[in-house]
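Peer 1: build me a structure from this.
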Amino acid sequence: MSINPYFKKYAGDASVVEDLTIETIKAMGHDFIYIPRTLIDLDDVFGEDINSKYDDGYELEMYIQNVDGFEGEGDILSKFGLEIRDRMTLVVSKRRFEKTVATYESKIKRPREGDLIYFPFSKTLFEINFVEHENPFYQLGKLYTYVLNCEVFTYSHEDIDTGISDIDKVESDRQDFMINLQLGNLISGATAYYQGETVFQISGSTGGAYSSATSTANVVAWNATGKTLGISNLSGTLNTGGTTQSIKGASSGVEYYISSTETTNVIIPQEPASVDEDSGDNDEFGFEADKGNIFDFTDIDPFSEGNY
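Peer 2: This is a model prediction of the structure:
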């Protein structure tokens with residue numbers, strides 16, 4: 001049995017509601033930059049790509065739902081150090097997104113999880129975690145907006161080259177703290193390491209498997225012309241020089257001999273010189289206090305000038 005044809009459930013002009021929605025976002029929102037992600041080497045098992053690339057940016061107005069400030073846990077101190085877990089909920093017009101982004105990106109039909117949003121006002125990069133496309137729910141039988149749940153982006157060796165200096169500096173700032181390796185002759189594989197891939201070394205051996213690695217790191221930069229490899233997040237001891245010291249890409253399979261190492265701006269935590277030194281531990285502080293001088297129970301009338 002069909003619905004009653006004499007009652008129009010969606011009476012009204014949906015285009016007027018959509019125009020008003022866009023006008024409200026333009027009036028009360030902010031300008032953001034939508035940065036789509038390009039997948040380079042997708043892992044079909046885990047559904048992730050450590051070699052993602054961000055090379056375009058589209059300016060688009062969005063409305064911030066949480067006007068009192070960022071949501072989330074904020075700045076917390078965990079066992080891994082200081083973590084920033086600010087979150088933000090954004091509303092973007094469906095029509096404006098299709099006109100500004102989808103027109104130039106044929107594969108993008110809607111905002112995607114994993115893409116980035118740059119907020120120029122606070123100079124912060126956010127990553128889209130979830131996109132709600134049915135909120136509000138079919139007003140006058142149509143959907144007008146997307147609601148984006150975003151969290152502060154954590155850089156992990158992605159290639160960021162949008163042409164916008166404030167965004168691209170996220171990658172360049174990380175490159176200031178890396179180890180530069182001057183490589184020698186090619187041993188095996190192609191000629192290029194992947195951006196962000198894991199590289200490893202088996203001390204005193206070449207051509208081995210990742211499971212036998214004695215040290216690992218991540219690729220930050222690769223210059224094929226000068227054979228210079230920039231790495232970070234080094235784990236283990238990296239040996240250089242000689243005819244048996246090499247470095248191999250876990251994903252690319254590229255392996256080169258290492259000629260020399262140039263370390264730039266690497267921060268190494270310093271251990272206390274001696275356990276006997278005062279290091280902030282409360283057990284190291286000893287206080288000799290004269291208890292009799294701490295509290296004075298003598299009865300004195302404050303208005304008697306000391307006579308009583």
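
Peer 1: check the secondary structure at T244 for me.
Peer 2: On the three-state scheme (DSSP: H, G, I helix; E, B strand; the rest coil), T244 is labelled coil.

Peer 1: V219 versus that one, what's the distance?
Peer 2: With distances taken as CB to CB, to the nearest Å, T244 is found 22 Å from V219. From N, CA and C alone the C-beta is placed, and that goes for glycine too.

Peer 1: neighbour count for these two, which is higher?
Peer 2: Legend: neighbour count by other CB atoms under 10 Å for T244 and V219, higher for V219 (27 against 12).

Peer 1: elements contacting the helix or strand that that one is a member of?
Peer 2: Following DSSP states H and E, one finds V219 within strand 215-223. With contacts taken as 3 or more CB pairs under 8 Å, 6 or more residues apart in numbering; DSSP states H and E, strand 215-223 sits against helix 165-175, strand 178-188, strand 198-201, strand 228-236.

Peer 1: packed most tightly, which of these would that be?
Peer 2: Across the helices and strands packed on strand 215-223, averaging neighbours per residue (mean count of other CB atoms under 10 Å) puts strand 198-201 on top, at a mean of 24.

Peer 1: how far is it from where the chain is centred?
Peer 2: 22 Å (CA atoms, centre = their mean, to the nearest Å).

Peer 1: contacts for that strand, please.
Peer 2: Residues external to strand 198-201 that are found in contact with it (CB atoms under 8 Å, 6 or more residues apart in numbering): 50, 193, 210, 213-219, 229, 231, 236, 238-239, 245-251, 258.

Peer 1: for the record, mean pLDDT for it?
Peer 2: The average pLDDT within strand 198-201 is 92.

Peer 1: next: stretch 86-96.
Peer 2: On average, stretch 86-96 scores 94.

Peer 1: show me where the stretch 51-200 of the chain has helices.
Peer 2: 94-97, 165-175 (DSSP state H, counting those that start in this stretch).
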